[in-house]
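Colleague: Pasting the sequence and the predicted coordinates here, then a few questions.
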Amino acid sequence: MRSRGMRVEGLEGKRWFAGDGIAEASLRELGRHRILALRAGGRQYLIPLSTCVCNPRYRVVVDSIEYCEAELCRGFIEDLSENTIPGFTITGRVPRPYEDPRPLREDTTNPLVAYRGLQGRYVLKGYREASRHNYEPYFYEHLSGRGITPGFKAYYLYNGYPLGLSTTYVGGVDGGKPFYESLSRLLSGGGLRIPRREGGLATQSLAAFHSAMRRCRGWWCGSREASPDDVEDWRRRIEYYYSHVSARGVRDRVEEALEGMERFIGHRVQRIHQDLHLSQYLYTGGSYLIVDFEGEPGRPERWRGALEPPVRDFASLLRSLSYIAFFALKERLGTGFDETAEAILKGDGDAALAASWSRRVARLLAEEYTRSLKARGWDWPGSVDELLVLAEPWFVERGLYEIYYEEMFRGRYAVAAASTLEARIPL
């Protein structure tokens, strides 16, 4: 890809890159490192680069010179720990590595690496899109010591934009794994085992998070009552997503959601996770820790800074069950994406069993979340049924966003989001 005489290679296939061509690019020296600034697809990106030995998938070539994404280079982390990179502002202390960093996971939107320091193991997460509405570093700082997230160590900015986060490494598994295993076991004839303990831990963590954020008074957070203008903005967002996706079988749900938003006038809105699903939890066996607070990567910039009611996170959590139902059924049937979507919409046999499981688990999560909030002194929601009614329009809004995101970044996955929303799995 070429921009104003600069040729950049190696961005193809990167999950964080939404552009199909570069409108503008520049490269700036920062000591022994570089910052590649890009504008593509209406978005701005800042990519720290360095020189070290790395897997070709992490290489970026600028005008025939090879670099690595900097988080994979030990020298970059060493300079972060010494706070010697020009233009960087660091809050906290990045632990110094004594081994080369390695990718922690290969399926993340932003790079995530792990390394060992003198006092333990650490994770360094880099950001790529330049957004002033990426509040993840501030979430970690505010929630530090509360047992809600992995331990906070530091974050760093470049020209005011969050560029990375350092945390302690916590061993665990994807928070959705016990739920997926529960449904897979049921579909294979192994009997029903509802993940009650895991559901309780996940919703207790969510309630603790929402309570902690309601007390946040930083420049980036806060709490207030929702206004009619908020409701209209949420409605515009729903219509925007719907007008930009190919799914037409959910129009009735869209109309219901638009009407249902009226209920939220006067409800408290605050800074929420915004992209919560079961895979945004790390399950340690004894706790569910919440991760990945940078928000929805596909959400248009004008809506990223919005305060929203906590029930929006809960509705997003229920959408996890939609994906689990789809992919567990896909595995069971041995079918492709389109064939699995057809089975979901037909709704009999194993598809009916998956839908029933998802609704039962959704009820469990609603019961546990309501109980956890009441234990923290909340007078909302009044009942489990009230919670599920309030979650409905946000469930649709989140489902539309997922179709929008999948069509933008992972095309074939869009039918998973669309079919489960149309089939009302689990709401």
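Modeller: Yes, it's here.
Colleague: Every contact and neighbour count from this point should use C-alpha atoms.
Modeller: Noted.
Colleague: Report the distance from the helix or strand hosting Thr167 to the chain centre.
Modeller: Secondary-structure assignment from DSSP states H and E places Thr167 in strand 161-168. Using CA atoms, centre = their mean, to the nearest Å, the mean C-alpha position of strand 161-168 is found 15 Å from that of the whole chain.
Colleague: average pLDDT across that strand?
Modeller: Strand 161-168 shows a mean pLDDT of 97.
Colleague: can you list the weak-confidence ranges in this structure?
Modeller: Counting by pLDDT under 70, the low-confidence segments of the chain come to 1-5.
Colleague: So it: which segments form each domain?
Modeller: Taking automatic domain parsing as the criterion, the chain consists of the domains 2-168, 173-422.
Colleague: what's the following helix or strand after the helix or strand encompassing Glu392?
Modeller: Using DSSP H and E, Glu392 sits in helix 384-409. Reading on from helix 384-409 to the C-terminus, the next helix or strand found by DSSP H and E is helix 414-422.
Colleague: So which elements touch that following helix?
Modeller: Helices and strands touching helix 414-422, by 3 or more CA pairs under 8 Å, 6 or more residues apart in numbering; DSSP states H and E, are helix 311-333, helix 337-346, helix 384-409.
Colleague: follow-up on the earlier one: reformat the domains of the chain as JSON lines; add mean neighbour count.
Modeller: As requested, the domains of the chain are exported to JSON lines (neighbours: other CA atoms under 10 Å):
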{"stretch": "domain 2-168", "mean neighbour count": "18"}
{"stretch": "domain 173-422", "mean neighbour count": "19"}
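Colleague: Relative to Leu201, how far out is Leu282?
Modeller: In this structure, Leu282 and Leu201 are separated by 11 Å, where distance is defined by CA to CA, to the nearest Å.
Colleague: so what's in contact with these two at the same time?
Modeller: Shared contacts of Leu282 and Leu201 (CA atoms under 8 Å, 6 or more residues apart in numbering): Tyr288.
Colleague: all helices of this protein, in order?
Modeller: Assigned helices in the chain, in chain order: 74-82, 136-143, 177-187, 196-214, 228-243, 251-260, 311-333, 337-346, 350-375, 384-409, 414-422 (criterion: DSSP state H).
Colleague: tell me the phi and psi of the nearest residue to His142 once chain neighbours are set aside?
Modeller: Taking CA to CA, 6 or more residues apart in numbering, and ignoring the residues beside it in sequence, His142 has Cys216 as its nearest neighbour in space, at 7.7 Å. Reported as degrees, to the nearest 10, the phi and psi values for Cys216 are phi -70, psi 130.
Colleague: on that earlier part again, with distance to Glu296 as new columns, can the helices of the chain be given to me in TSV?
Modeller: Written out in TSV, the entries for the helices of the chain read as follows (distance: least, CA to CA, whole Å):
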stretch	distance to Glu296
helix 74-82	27
helix 136-143	11
helix 177-187	21
helix 196-214	17
helix 228-243	13
helix 251-260	20
helix 311-333	11
helix 337-346	23
helix 350-375	22
helix 384-409	9
helix 414-422	15
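Colleague: Those: which one's closest to Thr149?
Modeller: Comparing those by their distance to Thr149 (CA to CA), the top pick is helix 136-143, with 7.1 Å.
Colleague: would you put the C-alpha positions of that closest one in CSV?
Modeller: C-alpha atoms of helix 136-143 as CSV (Å, rounded to 0.1, in the frame of the first residue of the first chain):
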residue,chain,number,x,y,z
GLU,A,136,-8.9,1.0,29.1
PRO,A,137,-5.7,2.3,30.8
TYR,A,138,-7.9,4.5,33.1
PHE,A,139,-10.2,1.6,33.9
TYR,A,140,-7.2,-0.5,35.1
GLU,A,141,-5.9,2.4,37.2
HIS,A,142,-9.3,3.1,38.8
LEU,A,143,-10.0,-0.6,39.4
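Colleague: quick one on the thing from earlier: the helices and strands packed on helix 414-422: which one's closest to Ser184?
Modeller: Closest to Ser184 of those, according to CA to CA: helix 311-333, at 5.7 Å.
Colleague: contacting residues around the closest one?
Modeller: Defining contact as CA under 8 Å, 6+ apart, one finds that helix 311-333 is touched by 176, 179-180, 183-184, 187-188, 272-278, 336-337, 340-341, 344, 350-351, 354-355, 358, 362, 387, 390-392, 394-395, 398-399, 416-417, 420-421, 425-426.
Colleague: Quickly note the distance from the residue lying closest to Arg43 once chain neighbours are set aside to Ile148.
Modeller: What sits nearest to Arg43 in space, not counting adjacent residues and going by CA to CA, 6+ apart, is Glu129, at 7.2 Å. Glu129 sits 25 Å away from Ile148, going by CA to CA.
Colleague: Same check on Pro393?
Modeller: 27 Å.
Colleague: Glu181 too?
Modeller: The separation that Glu181 has from Ile148, given CA to CA, amounts to 24 Å.
Colleague: Ala341 too?
Modeller: Spatial separation of Ala341 from Ile148 under the definition CA to CA is 36 Å.
Colleague: same deal with Arg424?
Modeller: Taking CA to CA as the measure, Arg424 falls 31 Å from Ile148.
Colleague: Kindly report the same for Val361.
Modeller: As defined by CA to CA, Val361 lies at a distance of 22 Å from Ile148.
Colleague: same question, Asp174
Modeller: When CA to CA is the yardstick, Asp174 and Ile148 sit 15 Å from each other.
Colleague: which residues does the one residue sitting closest to the centre of the chain contact?
Modeller: Closest residue to the average C-alpha location of the chain: Asp275 at 4.1 Å, with CA atoms, centre = their mean. Taking CA under 8 Å, 6+ apart as the contact definition, Asp275 lies against Asp292, Phe293, Glu294, Gly295, Glu296, Asp313, Ser316.
Colleague: at 10 Å what do you get?
Modeller: 291-297, 299, 312-313, 316-317, 398 (CA atoms under 10 Å, 6 or more residues apart in numbering).
Colleague: Likewise for Glu136?
Modeller: Under the criterion of CA under 10 Å, 6+ apart, the contact partners of Glu136 comprise His142, Tyr155, Pro162, Gly164, Leu165, His273, Val291, Asp292, Phe293, Glu294, Gly295.
Colleague: Show me what the fourth one is bridged to.
Modeller: Residues found in beta-bridge contact with Gly164 (criterion: DSSP bridges) are Gly126, Tyr156.
Colleague: Roughly how far does it sit from Leu80?
Modeller: Distance, Gly164 to Leu80, using CA to CA: 10 Å.
Colleague: Quick check: neighbours shared by these two?
Modeller: Among the neighbours of Gly164, those also in contact with Leu80 (CA under 10 Å, 6+ apart) are Ile90, Ala154, Tyr155, Tyr156.
Colleague: Since that was my last question, I'll sign off now.
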